[in-house]
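Peer 1: Only the shape, not the letters, is given here:
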């Protein structure tokens with residue numbers, strides 16, 4: 001399952017779904033906002049995502065609905081489902097995992113790291129966090145807190161930091177979007193390549209177990 005950036009299910013997330021399919025996975029984007037709505041600007045994106053940042057359980061409910069849908073396909077291994085998310089989507093998959101979503105693993109690409117606390121009795125998923133060293137949207141405090149919480153309960157977690165990578169580093173359109181809306185984001189080809197490779201290694205590991 002792929003949860004998009006706060007823009008919605010746009011061409012970028014569709015490209016990621018296709019790339020996962022090329023790797024041999026059944027993949028589907030989760031339409032968090034409904035009706036295929038796409039935010040044309042940061043203000044609209046903020047309005048679309050605000051309810052989910054306010055209520056992580058609501059985000060999990062939407063992801064659970066996507067999980068129910070993907071399980072309807074005969075190609076799906078119902079016991080081996082992973083969710084990956086970008087920016088806002090990273091926040092969604094991490095918090096859904098912390099709230100007990102029935103996922104084998106989650107991967108956050110330049111995702112938000114705040115939300116509900118880690119609960120050992122709820123967390124089932126293994127976790128990979130792919131984080132840009134120059135991300136202006138995620139504080140070092142939030143990064144360290146999540147890492148500490150996961151380590152403290154013995155959760156299977158891996159944190160990767162990519163040098164000179166900002167928020168949205170994996171999106172080839174990020175530099176243009178950053179200039180258009182005066183946002184501190186830009187594409188980093190090396191971080192994009194390395195984080196995708198780190199995801200492939202992570203998936204290979206957890207699907208073997």
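Peer 2: Everything's here; your move. Quantities reported herein were computed from a predicted structural model and do not represent experimental measurements. Numbers count the residues shown, from 1 in each chain.
Peer 1: Just give the nearest non-adjacent residue to residue 154, would you?
Peer 2: Once flanking residues are discounted, residue 154 sits nearest to residue 120: 7.8 Å by Cβ to Cβ, 6 or more residues apart in numbering. For glycine as for every other residue, the C-beta is placed from the backbone atoms N, C-alpha and C.
Peer 1: now do residue 103
Peer 2: Counting by Cβ to Cβ, 6+ apart, the residue nearest residue 103 is residue 125, at 4.3 Å.
Peer 1: and the residue nearest the centre of the chain, helix, strand or coil?
Peer 2: Central residue of the chain (Cα atoms, centre = their mean): residue 85, 1.7 Å from the mean position. Put simply, residue 85 is strand when judged by DSSP: H, G, I helix; E, B strand; the rest coil.
Peer 1: likewise residue 14?
Peer 2: helix.
Peer 1: my guess is the residue nearest to residue 154 is in a strand, correct?
Peer 2: No: using three-state DSSP, the assignment for residue 120 is coil, not a strand.
Peer 1: That one and residue 151 touch, don't they?
Peer 2: No: in this structure residue 120 lies outside contact range of residue 151 using Cβ atoms under 8 Å: 11.7 Å.
Peer 1: And for residue 31, the neighbour number?
Peer 2: 18 (other Cβ atoms under 10 Å).
Peer 1: With the one 10 residues further on instead?
Peer 2: Residues near residue 41, counting by other Cβ under 10 Å, number 11.
Peer 1: Need the pLDDT of it.
Peer 2: Among the per-residue scores, residue 41 shows a pLDDT of 98.
Peer 1: Just read off the phi/psi values of it.
Peer 2: Per-residue torsions, residue 41: phi -160, psi 170 (degrees, to the nearest 10).
Peer 1: excluding its backbone neighbours, what's nearest residue 33?
Peer 2: residue 48 (4.9 Å).
Peer 1: oh sorry, the question was meant for residue 135
Peer 2: For residue 135, the spatially nearest residue (Cβ to Cβ, 6+ apart) is residue 167, at 4.6 Å.
Peer 1: Now that the one you found has come up, it's in contact with residue 133, right?
Peer 2: No: counting by Cβ under 8 Å, residue 167 sits too far from residue 133 to count as a contact (11.1 Å).
Peer 1: I'd like the distance between the residue lying farthest from the centre of the chain and residue 85.
Peer 2: Each residue of the chain has a distance to the centre, and by Cα atoms, centre = their mean the biggest one is for residue 74: 24.8 Å. In this structure, residue 74 and residue 85 are 25 Å apart, going by Cβ to Cβ, to the nearest Å.
Peer 1: Please work out how many residues are found near the closest residue to residue 206 other than its chain neighbours.
Peer 2: Nearest non-adjacent residue to residue 206, counting by Cβ to Cβ, 6+ apart: residue 105, 4.6 Å away. Using other Cβ under 10 Å, residue 105 has 24 other residues around it.
Peer 1: I appreciate the help and will end here.
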